[in-house]
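J.: build the 3D model from these lines:
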Amino acid sequence: MGQFSWITQDTDEAIRECFGCDFEEQTTAYLHDDKGNVWEEKRYEGYGEFGGKDFYQLLAEMNECEGLTGDTYHDRDIGIDLAFSGEKFISPNLTRCRQWEWIDEAPESDPNQGWGEY
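T.: Coordinates of the predicted model:
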């Protein structure tokens, strides 16, 4: 399972992984789909899961990809393939604020992959 981190779309901040940091240093992030669903993550571990929902599985679901089974790992692989395929797709949004109106724009990847200073 690979590690992933992004820049939030509302505040332009990196979503940092929190291994060994104090809980107070971790900032909550929210995953949003195009239907108004929101998943809250208070302690991001770097593997693309926000509040029990995998970012790439959600991407595959939002795009109604062929071959989805409901299995997180299987569907996640489909979403990863789509995200890096160069094809057009709609994407989940990632924010610091729970109140957010979904936009048809993918969040930017964090060039440091969440391993910056706190």
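J.: please count neighbours and contacts with C-alpha atoms only from this point.
T.: OK.
J.: phi first, then psi, for N93.
T.: phi -110, psi 150 (degrees, to the nearest 10).
J.: what's the closest non-adjacent residue to it?
T.: Leaving out its chain neighbours, the residue that sits closest to N93 by Cα to Cα, 6 or more residues apart in numbering is H32, at 5.0 Å.
J.: and for the one you found, the neighbour number?
T.: 25 (other Cα atoms under 10 Å).
J.: show me the contacts for the residue most central in space within the chain.
T.: With distances taken as Cα atoms, centre = their mean, the residue of the chain nearest its centroid is F55 (4.1 Å). By Cα atoms under 8 Å, 6 or more residues apart in numbering, the contact list for F55 reads 31, 48-49, 76, 92.
J.: for those residues, work out which two are farthest apart.
T.: Maximum pairwise distance in those, criterion Cα to Cα, is 15.1 Å, between L31 and R76.
J.: pick out whichever of these two has more residues nearby.
T.: L31 (27 against 23).
J.: where does this protein have low pLDDT?
T.: 1-2, 18-26, 113-118 (pLDDT under 70).
J.: now the strands for it?
T.: With DSSP state E, the ranges of strands along the chain come out as 29-32, 38-41, 49-50, 53-54, 93-95.
J.: contacting residues around the third one?
T.: With Cα under 8 Å, 6+ apart as the contact definition, strand 49-50 has outside contacts at 29-31, 39-41, 44, 55.
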